[in-house]
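K.L.:
Need a 3D model of the sequence below.
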Amino acid sequence: QVQLVESGGGLVQAGGSLRLSCAASGRTLSSSAMGWFRQAPGNEREIVAAITWRNGNTYYTDSVKGRFTISRDSAKNTVYLQMNSLKPEDTAVYFCAASYGSGWNPPRVTRSYDYWGQGTQVTVSS
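P.N.:
Numbers count the residues shown, from 1 in each chain. From the prediction side, this is the model:
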């Protein structure tokens, strides 16, 4: 079992920055891929970014490329999402998730992820 706890969400003005953290316990993340997803009201949950722990390969959805950065800290068993140049359309609940048994690149679909955090709200005002 893996427990994931997100933090760092909040209210920010457009153009501002936030850094989300996802701390894991219960199992090492060294053999996992970690993903950040988001879900806005009325929308499906969508992937934002993902990283394969052992090699650092990353994936970003097109709408966040150049603005968001996913990273990991093995010593802290934590994954981060640095979000810069935030836009109102980034408003959503953000979830982190862990996938075990993935390959060289991180999975991009929700069904590939085994464990989920409870989510943290990000609100970007215009």
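K.L.:
going forward, measure contacts and count neighbours with C-alpha atoms only.
P.N.:
OK.
K.L.:
and the residue nearest the centre of the chain, what helix or strand is that in?
P.N.:
For the chain, the residue whose C-alpha lies nearest the mean C-alpha position (C-alpha atoms, centre = their mean) is residue 36; its distance is 1.9 Å. Here residue 36 sits within strand 32-39, counting by DSSP states H and E.
K.L.:
Show me what the next helix or strand after that strand is packed against.
P.N.:
Remark: after strand 32-39, the chain's next helix or strand is strand 46-52, criterion DSSP H and E. Packing contacts for strand 46-52, counted by 3 or more C-alpha pairs under 8 Å, 6 or more residues apart in numbering; DSSP states H and E, involve strand 32-39, strand 58-60, strand 68-73.
K.L.:
Name the surrounding residues that touch the second one.
P.N.:
Defining contact as C-alpha atoms under 8 Å, 6 or more residues apart in numbering, one finds that strand 58-60 is touched by 48-52, 70, 105-106, 108.
K.L.:
ok, of those residues, which one's closest to residue 121?
P.N.:
residue 48 (14.4 Å; C-alpha to C-alpha).
K.L.:
residue ranges for the strands of this structure, please.
P.N.:
Assigned strands in the chain, in chain order: 3-7, 10-13, 18-25, 32-39, 46-52, 58-60, 68-73, 78-83, 92-100, 115-116, 120-125 (criterion: DSSP state E).
K.L.:
what packs against the longest one?
P.N.:
Using 3+ C-alpha pairs under 8 Å, 6+ apart as the contact criterion, the secondary-structure elements in contact with strand 92-100 are strand 3-7, strand 32-39, strand 115-116, strand 120-125.
K.L.:
Name the strands paired with it and say parallel or antiparallel.
P.N.:
strand 32-39 (antiparallel), strand 115-116 (antiparallel), strand 120-125 (antiparallel) (DSSP bridges).
K.L.:
Let me know the angle separating that strand from strand 18-25.
P.N.:
40 degrees (axes from the mean of the first three to the mean of the last three C-alpha atoms, to 10 degrees).
K.L.:
do the fifth one as well
P.N.:
Angle, strand 46-52 to strand 18-25, by the same axes, to 10 degrees: 60 degrees.
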